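K.L.:
my questions are about this predicted structure, shown below with the sequence.
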Amino acid sequence: MTPPQLAIKEWEDKTTPQHKERIVGNKSRIQEFRKYGEAIAWLELDGKHIVIKKIEKLSYEGRGAGTALIEFLKSLADKYQVRLFGSVAAYDLEPPIPNCPTLSQSQLEAWYQKLGFKLSRIPNSDISLIWYPDAPHSTSDACQPIETK
């Protein structure tokens, strides 16, 4: 197995399925979340990277749950020398929706930076990318770093 495959295997061994259904038009799509503590994440393997598709906390009582989940993912990235990657986007949650506040785009960006992620913005867009532990040179050259305010 490759390092990214080993990292995903450990993720799957230490989490439980928590799939969510999303209806788009008249089609149903399954989002393959997995539960870690009081938060869920939907990850995908993309060659040498692990892509963070979405992260959600499950309840207001889960304060710090997203941070604990991210710290676990970072530990896997460090252990297996795998890069975490994703885009930062505030979005409307699909049911079941927890009774707790969600973060704005700028709050999400600050949260990821506080947790050690590198952030970049794709030029001429509102799309922010996250990388841990760092961004590949070819991608970081095409993006503009986001400064913490």
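P.N.:
Arrived safely, thanks for sending.
K.L.:
which residues in the chain form strands?
P.N.:
Secondary structure of the chain (DSSP state E): strands at 16-17, 20-24, 27-31, 34-36, 39-46, 49-57, 83-88, 118-121, 128-132, 144-145.
K.L.:
format the ones you listed as TSV; extra columns: mean neighbour count, distance to residue 9 and mean pLDDT.
P.N.:
Quick note: C-beta positions are derived from backbone N, CA and C, even for glycine. As requested, the strands of the chain are exported to TSV (neighbours: other C-beta atoms under 10 Å; distance: least, C-beta to C-beta, whole Å; pLDDT from 0 to 100):
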stretch	mean neighbour count	distance to residue 9	mean pLDDT
strand 16-17	10	15	96
strand 20-24	11	22	78
strand 27-31	10	20	86
strand 34-36	18	12	96
strand 39-46	19	10	94
strand 49-57	19	12	92
strand 83-88	19	16	94
strand 118-121	18	26	90
strand 128-132	21	19	94
strand 144-145	11	33	49
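K.L.:
and of the ones you listed, who's closest to residue 102?
P.N.:
Within these, the stretch nearest residue 102 is strand 49-57; the backing value is 8.4 Å (C-beta to C-beta).
K.L.:
the residue nearest to the spatial centre of the chain: what's it in contact with?
P.N.:
Nearest to the geometric centre of the chain sits residue 52, at 3.4 Å (C-alpha atoms, centre = their mean). Residues in contact with residue 52 (C-beta atoms under 8 Å, 6 or more residues apart in numbering) are 41-43, 73, 84-86, 130.
K.L.:
out of those, which one sits closest to residue 28?
P.N.:
Nearest to residue 28 out of the contacts of residue 52 is residue 42 (C-beta to C-beta; 15.8 Å).
K.L.:
before we move on, back to that, partner residues bridging the residue nearest to the centre of the chain?
P.N.:
residue 43, residue 86 (DSSP bridges).
K.L.:
that one and residue 17, how far apart?
P.N.:
17 Å (C-beta to C-beta, to the nearest Å).
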